[in-house]
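In: Build me a model:
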Amino acid sequence: MSQNKVVLLLGSNLGDQKKNLEYALQKISKSGNKISQTSEFLITEPVEFVSSNIFCNIASIIFTRLSPIQLLDFVKGIEMEMGRVNDSTSSGSYSDRIIDIDIIKYNDLKFKSKRLEIPHQKHLFERDFSKILLKNFI
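Out: I've put the predicted structure just below:
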């Protein structure tokens, strides 16, 4: 099975945000995925919800053998393991989170299901912080 090039965006606005992001990347790497590039950290205000907690965000390119749904299940598992309890897909709204891992691109795949949309339209075209992080990745 070949390696798939995937762009991820990670964010955290609870606890030690940078450590949360580094730990999540470490979990991704230790599970057989190759991290080939990461952006600088970017500090941003929350988007689409109100909170006094600022976000720390990072983009990463990884190579994985996982299918898109396998990768989604894998990153959701990391989020749960790290203590994330509310997922915006199931709750229908955004809230503070210890970790958020979004799949932005997966090769040149176009895919849409109830749980996953690739490419991730909001991050690519609507959110300014995402455009800043992704400018050298897309």
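In: Now the element after the helix or strand bottoming out on mean pLDDT in the chain, going C-ward?
Out: Within the chain, no helix or strand scores below helix 88-91, which has a mean of 51 by mean pLDDT, DSSP states H and E. Where DSSP states H and E defines the elements, the next helix or strand beyond helix 88-91 is strand 100-106.
In: ok, which stretches of this protein are strands?
Out: Along the chain, counting by DSSP state E, strands occupy 4-12, 34-38, 42-44, 55-64, 100-106, 111-112, 117-118.
In: Which of those sits closest to Gly77?
Out: strand 100-106 (10.0 Å; C-beta to C-beta). Just so you know, the C-beta spots here come from the backbone N, C-alpha and C atoms, and that holds for glycine as well.
In: Adjacent strands (with direction) for that closest one?
Out: strand 4-12 (antiparallel) (DSSP bridges).
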